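K.L.:
got a sequence here, can you model it:
(2 chains)
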There are 2 protein chains.
Amino acid sequence: MAMESRMPDAESAVVTGFHCRQLTVVGLGLMGGSLAQALGPYAGKVVGVEVDASARQLALEREIVHEATGDLREGVADADVVVLAAPVRSIIDMLEHRLGTYMRSNTLLLDLGSTKQSINRAMRELPIGILAVGGHPMTGRESSGAGDSDPDMFRNRPFVLCPNRRTTPSALLRARALVQALGALPIEMDAERHDRVVAAISHLPYLLSTALVATVANEGENDEAVWDLAAGGFRDMSRLAGSDVRMMGDILSTNTQAVATLLAMFRMQLAQLEAMLISRDDQRLTATLRPISESRREWTAGNGARHAQP
Amino acid sequence: MAMESRMPDAESAVVTGFHCRQLTVVGLGLMGGSLAQALGPYAGKVVGVEVDASARQLALEREIVHEATGDLREGVADADVVVLAAPVRSIIDMLEHRLGTYMRSNTLLLDLGSTKQSINRAMRELPIGILAVGGHPMTGRESSGAGDSDPDMFRNRPFVLCPNRRTTPSALLRARALVQALGALPIEMDAERHDRVVAAISHLPYLLSTALVATVANEGENDEAVWDLAAGGFRDMSRLAGSDVRMMGDILSTNTQAVATLLAMFRMQLAQLEAMLISRDDQRLTATLRPISESRREWTAGNGARHAQP
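P.N.:
Alright, predicted model coming up:
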């Protein structure tokens, strides 16, 4: 038994026993495509549902799915596991518009949406018999197409599972097994806590990045040198501003309260730094910057360690 | 003649004719060490001035300098080119405390400080005969030791030159030749303009990164999951907060006005986004996010193109 913990994740997932007859992935973007690829070995058949015909074609050519359709009802009718890999509002739309009635009883339904409270609320209204769990893989890339899909993108990354009124104990076990089959690390928490955490580490950073790019773009209209001289620091800080606008719009509008709360806390921190700067209180400024700089380095070190030993 | 433009930068630097008898680099950190390495082929002798004995030892062992000393006067006495590679306040201290009297007449003095107005003010008071130019290579790494020095770190990167009252036309030509010998791209501008540009692309981003890390650290005290779930977006946005605190303290305290101005402009941008968010004006929010996202992508594309053809 002591050996088991040393086995690679994929093998331990086999031990935990995830398998399904038909996996249907709704949305063949980067996340959906990568998940379809990663779960292929554990599914009798993989079906993709995607409205974009060229994305369906690509997924078939790259053998990411066995079958692809643009029809949601047809795609999910025979599945025993359905994964929704779409922007948050699309997921809610599907949940509110008959998706539940298209599926067989006892189907496991998992979504990959980036905010969880509003999705969990919509899941509560599903027909009894649909086993639904909210999910959020903590991994992200700038690109959004299935052409960049990578079955290893979930490996050793946290994967949050948020139970709701449609989550039976066995559904949760099955969702955990699915997550482990991806090589990811399942973490259970309630949807409210999830949304607050991601507001801090993801949605607030996106807004800051966007407001920074808007500020620099304004400066750039007066002085082109702004763009010419921008280097690595600006590159890092502006990357999130280039995220998919529709995806981020959905995220912000379904997590408004937590994001607004974190924004208020951020403004306090920024105002403190600004006060020290303007009052030329250099010693206090440096004394304030130091522990912040250290906590960033501690996180990097801890994070590196976690990645090394998953 | 048409061929000349296709020659590698180092060769065209030879054409522009940079050479010196003795180069003295004051400060053997990452910048100073890299510059000493890169200019080695163009100098009869390279001398390093560094108070830290182990950094001196390392620079000698790695043959980054021919000689190293902890004594500023001794180090610069016989140089015909002196480069100051230290935090901004150290540069100002040296300029205000007799550095000018230690050097021979006609010595070219260049600094690599990250803000230029306060340094240029101090350069104005140098003895007539010292040929001083303010400089700022637009390149940066997180690490700060000469152990990571890299002679190619300036290659194809902008290198700002800010003339002042001690900059003769021939001194400026010589500084340009030095910059070209590094493989960097010389850009002349006045110190005030430089400081405003870097406030936008570098100092404001640093403050935002720092205030973000402080906000997330506060959240992390209530809920450790914040640290566990933080992924690539937070990694990018928090990187600058890990910068050297002393260096950044010097930068902020010598560029207060420009940084405070940019902070005020940033707050306006953030407040606009927040108003749309709180009022749940999703369409306007998305319509606002889209051009910002596009201007970021345009910059990346343009920046990539510039790097490909230097």
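
K.L.:
make it CA atoms for all contacts and neighbour counts henceforth
P.N.:
Will do.

K.L.:
so where's the stretch 201-310 of chain A uncertain?
P.N.:
Where the stretch 201-310 of chain A drops to pLDDT under 70, the residues are A:303-310.

K.L.:
quick one: the helices in the stretch 201-310 of chain A?
P.N.:
A:204-222, A:225-229, A:232-238, A:245-253, A:256-278, A:282-308 (DSSP state H, counting those that start in this stretch).

K.L.:
what about residue A:96, how many neighbours?
P.N.:
The number of residues packed near residue A:96 is 15, by other Cα atoms under 10 Å in any protein chain shown.

K.L.:
just put the helices of the stretch 201-310 of chain A in JSON lines and tack on distance to chain B.
P.N.:
Output for these, formatted as JSON lines (distance: least, Cα to the nearest Cα, whole Å):
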{"stretch": "helix A:204-222", "distance to chain B": "5"}
{"stretch": "helix A:225-229", "distance to chain B": "5"}
{"stretch": "helix A:232-238", "distance to chain B": "5"}
{"stretch": "helix A:245-253", "distance to chain B": "6"}
{"stretch": "helix A:256-278", "distance to chain B": "5"}
{"stretch": "helix A:282-308", "distance to chain B": "4"}
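
K.L.:
any chance of these in CSV, with mean neighbour count and distance to residue B:64 too?
P.N.:
Shown next, in CSV, are these (neighbours: other Cα atoms under 10 Å in any protein chain shown; distance: least, Cα to Cα, whole Å):
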stretch, mean neighbour count, distance to residue B:64
helix A:204-222, 23, 38
helix A:225-229, 20, 28
helix A:232-238, 23, 25
helix A:245-253, 20, 48
helix A:256-278, 18, 37
helix A:282-308, 16, 29
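
K.L.:
wait, which of these is closest to residue A:130?
P.N.:
For residue A:130, the closest of the helices of the stretch 201-310 of chain A is helix A:245-253, at 24.9 Å, according to Cα to Cα.

K.L.:
hey, C-alpha coordinates of that closest one in CSV?
P.N.:
The C-alpha atoms that make up helix A:245-253 are tabulated as CSV, following Å, rounded to 0.1, in the frame of the first residue of the first chain:
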residue,chain,number,x,y,z
VAL,A,245,-13.7,39.9,-23.2
ARG,A,246,-16.9,37.8,-23.4
MET,A,247,-15.6,35.3,-20.9
MET,A,248,-14.4,38.0,-18.5
GLY,A,249,-17.6,40.0,-18.9
ASP,A,250,-19.6,36.9,-17.9
ILE,A,251,-17.3,36.3,-14.9
LEU,A,252,-17.5,39.9,-13.6
SER,A,253,-21.3,40.1,-14.0
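
K.L.:
what's that helix packed up against?
P.N.:
Packing contacts for helix A:245-253, counted by 3 or more Cα pairs under 8 Å, 6 or more residues apart in numbering or on different chains; DSSP states H and E, involve helix A:88-96, helix B:282-308.

K.L.:
same thing but 10 Å
P.N.:
Contact here means 3 or more Cα pairs under 10 Å, 6 or more residues apart in numbering or on different chains; DSSP states H and E; on that basis helix A:245-253 packs against helix A:88-96, helix A:204-222, helix A:256-278, helix B:256-278, helix B:282-308.

K.L.:
how close does the residue of the stretch 101-250 of chain A found nearest chain B sit to residue B:88?
P.N.:
The minimum distance from the stretch 101-250 of chain A to chain B, using Cα to the nearest Cα, falls at residue A:242 (4.4 Å). The gap separating residue A:242 from residue B:88 is 33 Å, by Cα to Cα, to the nearest Å.

K.L.:
excluding sequence neighbours, find me the nearest residue to residue A:165.
P.N.:
Of all residues not flanking residue A:165 in the chain, residue A:124 sits nearest, at 5.5 Å (Cα to Cα, 6 or more residues apart in numbering or on different chains).

K.L.:
which residues does that neighbour contact?
P.N.:
When contacts are counted by Cα atoms under 10 Å, 6 or more residues apart in numbering or on different chains, residue A:124 touches A:95, A:132, A:164, A:165, A:166, A:167.

K.L.:
need the contact list for the first one.
P.N.:
Contact partners of residue A:95, counting by Cα under 10 Å, 6+ apart, are A:84, A:89, A:101, A:119, A:120, A:121, A:122, A:123, A:124, A:125, A:126.

K.L.:
where's the fourth one, which helix or strand?
P.N.:
If I follow you right, that is residue A:119. helix A:117-123 (DSSP states H and E).

K.L.:
residues in contact with that helix?
P.N.:
A:88-89, A:91-96, A:100, A:109-113, A:116, A:130-135, A:162-167, A:190-195, A:254-255.

K.L.:
of the residues you listed, grab the buried ones for ChimeraX.
P.N.:
Command for ChimeraX, covering only those of the contacts of helix A:117-123 found buried under the criterion 16 or more other Cα atoms under 10 Å in any protein chain shown:
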select /A:88,89,91,92,95,100,109,110,111,112,113,116,130,131,132,133,134,135,162,163,164,166,167,190,191,192,193,194,195,254,255
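
K.L.:
specify the local secondary structure of residue A:83.
P.N.:
strand (DSSP: H, G, I helix; E, B strand; the rest coil).

K.L.:
and the pLDDT for the residue nearest to residue A:165?
P.N.:
Note for residue A:124: predicted pLDDT of 94.

K.L.:
hang on, the earlier thing: out of the helices of the stretch 201-310 of chain A, which gets nearest to residue B:297?
P.N.:
So among the helices of the stretch 201-310 of chain A, helix A:232-238 is nearest, using Cα to Cα, at 9.5 Å.

K.L.:
mind checking which of the contacts of residue A:124 are in strands?
P.N.:
Counted as lying in strands by DSSP state E, out of the contacts of residue A:124, are residue A:132.

K.L.:
with pLDDT and distance to residue B:221 added, can I get the contacts of residue A:124 in CSV?
P.N.:
Below are the contacts of residue A:124 laid out as CSV (pLDDT from 0 to 100; distance: Cα to Cα, whole Å):
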residue, pLDDT, distance to residue B:221
A:95, 97, 36
A:132, 97, 32
A:164, 95, 27
A:165, 94, 30
A:166, 95, 32
A:167, 96, 30
